[in-house]
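Chemist: model this:
(one chain, ligands or ions: 2)
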Amino acid sequence: MSDLLAVSPAVPVRLPSPHLVDAAVLDRSLVEALLQSAARMQSIVDGGTTPLRGRILASLFFEASTRTRLSFESAMLRLGGQVISVQDALTSSSATKGESLEDTIRVVAGYADVIVLRHPEIGAADRAARVSSCPVINAGDGAGHHPTQALLDLFTIRAELGRLHSLRVGMSGDLKHGRTVRSLALMLSLFSDVELVFVSAPSLRMDAAILAELQRRRVPVTETIDLRSVAPTLDVLYQTRLQKERLPSPDAAHGLDLPIVNAALMRLLPPHAILMHPLPRVGEIAPEVDADARAAYFRQARNGLLVRMAVLHWLAGGR
Ligand code: ASP
Ligand code: CP
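Modeler: Numbering: from 1, shown residues only. Ligands and ions are numbered 1, 2, ... in the order given. You can find the predicted model right below:
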């Protein structure tokens, strides 16, 4: 290394960085700090300040996305940073030539200050974090985790209901293959007096490891197949779609029809309750519900921008 490089203040020292790979890395105080930071991000959007000027986000998406990729990219641009991006990375990156995920990450970490990764395999973000010299944010790893979705879900619940404690939250749909419900269940368990109600067909039950962890954390959990009977008891109904892309074959979807939230179901939900969905929806919430003030899913998606601004500000070195 030349003397110039060794002493130049223009060459930043890269300290070991934290990563956001699963819900377990976030303790209650960090979650609170991120939610408070997210609440302040609208002023950056309005005021046009640029705390991440000069920083670069690499977004690597090996699986389809609308909200997560575009809200992360918008968040970086709103913060004054820049974005390099590979969409459809399974077919348009050198993965098609057989390059490993680890090698791709080692290289991209040299071009960017933070990497956002979505990948169809459970554990991909963890593998990436182990070899990356810059922070890695998990934007969804197969049926594993989606921690920034859980953060924006918490932000939404607090914005809509004013609290994150003393809640009865129903999660309905494909709990076996859905990653948002896994991350959200663990993150809600950080708050006091939260009860979870898992509504699914027996073949789409919540993963046993998550149930065991919730039991270890002493979170009261009810499992049922009957959405109508529990709807009147809920503060939040979190509906999800069947994750068809994670079924062993297209035929496996046969007979796995999820309960549909329609106007009749909304009549069973208390007046103060909210209906959430990570989106995309594909029929499990009827469009007639959109006009109901309790339908929070588009506000929820919008909150993703503010929450991802806060996450980038934290991990990409906001000044
Ligand atoms: N968009 C969310 C995810 O990527 C939920 C879904 O796709 O159903 O996990
Ligand atoms: N909620 C969510 O992760 O949406 P996308 O899959 O469109 O990114």
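Chemist: For the protein, which segments are assigned as strands?
Modeler: For the chain, the strands defined by DSSP state E cover 56-61, 82-86, 114-119, 136-141, 167-172, 194-199, 221-224, 236-239, 274-276.
Chemist: Go ahead and name everything in contact with the fifth one.
Modeler: Outside of strand 167-172, the residues that reach it under the criterion C-beta atoms under 8 Å, 6 or more residues apart in numbering are 157, 161, 181, 184-185, 188, 191, 193-200, 206, 227, 230-231, 233-240, 258-259, 261. Every C-beta, even on glycine, is put in place using the N, C-alpha and C of the backbone.
Chemist: Tell me the residues on the stretch 201-319 of the chain that lie near ligand 2, please.
Modeler: Pro278, Leu279, Pro280 (C-beta under 6 Å from any ligand atom).
Chemist: How many residues are close by whichever residue of the stretch 151-300 of the chain sits closest to ligand 1?
Modeler: As assessed by C-beta to the nearest ligand atom, ligand 1 sits closest to Pro278 within the stretch 151-300 of the chain, at 4.1 Å. By the criterion of other C-beta atoms under 10 Å, Pro278 has 27 neighbours.
Chemist: And for Pro250?
Modeler: 9.
Chemist: now the one 4 residues further on
Modeler: Number of residues near His254 (other C-beta under 10 Å) recorded here: 9.
Chemist: per-residue confidence at it?
Modeler: Reported pLDDT at His254 in the predicted model: 78.
Chemist: where's it relative to ligand 2, distance?
Modeler: Distance from His254 to ligand 2, counting by C-beta to the nearest ligand atom, to the nearest Å: 24 Å.
Chemist: So what does that residue have for phi and psi?
Modeler: phi -60, psi 130 (degrees, to the nearest 10).
Chemist: check contacts around it.
Modeler: Not one residue lies near His254 by C-beta under 8 Å, 6+ apart.
Chemist: Thr49 touches Met41, doesn't it?
Modeler: No. Taking contacts as C-beta atoms under 8 Å, Thr49 lies outside contact range of Met41: 10.6 Å.
Chemist: Settle it for me: which of these two has more neighbours?
Modeler: In this view Thr49 and Met41 are compared by other C-beta under 10 Å, and Met41 has more residues nearby, 21 against 13.
Chemist: ok, now which ones touch that one?
Modeler: Applying C-beta under 8 Å, 6+ apart to Met41 gives the contacts Arg78, Leu305, Leu306, Met309, Ala310, His313.
Chemist: 7 Å instead?
Modeler: Contacts for Met41 (C-beta atoms under 7 Å, 6 or more residues apart in numbering) come out as Leu306, Met309, Ala310.
Chemist: How about the residues of the stretch 1-150 of the chain by ligand 2?
Modeler: Going by C-beta under 6 Å from any ligand atom, the residues of the stretch 1-150 of the chain near ligand 2 are Ser65, Thr66, Arg67, Thr68, Gln149.
Chemist: and if we set it to 8 Å?
Modeler: 64-71, 118, 139-140, 146, 149 (C-beta under 8 Å from any ligand atom).
Chemist: How about the contacts made by the residue of the stretch 151-300 of the chain closest to ligand 1?
Modeler: Counted by C-beta under 7 Å, 6+ apart, Pro278 has contacts Gln149, Thr180, Thr240.
Chemist: Excluding chain neighbours, what is closest to Leu190?
Modeler: Arg28 (4.4 Å; C-beta to C-beta, 6 or more residues apart in numbering).
Chemist: Number of residues surrounding Gln243?
Modeler: 19.
Chemist: same deal with the one 4 residues further on?
Modeler: Neighbours of Leu247 under the rule other C-beta under 10 Å: 16.
Chemist: picking up where we left off before, so how far is Arg168 from the residue of the stretch 151-300 of the chain closest to ligand 1?
Modeler: 19 Å (C-beta to C-beta, to the nearest Å).
Chemist: cool, Gln215 as well?
Modeler: Remark: distance between Gln215 and Arg168 (C-beta to C-beta) = 17 Å.
Chemist: the more surrounded of the two?
Modeler: Between Gln215 and Arg168, counted using other C-beta under 10 Å, Arg168 has the larger neighbour count: 19 against 11.
Chemist: Next, find the distance separating the residue of the stretch 201-319 of the chain found nearest ligand 2 from Val116.
Modeler: Residue of the stretch 201-319 of the chain nearest ligand 2, by C-beta to the nearest ligand atom: Pro278 (3.9 Å). Here Pro278 is placed at a distance of 17 Å from Val116 (C-beta to C-beta).
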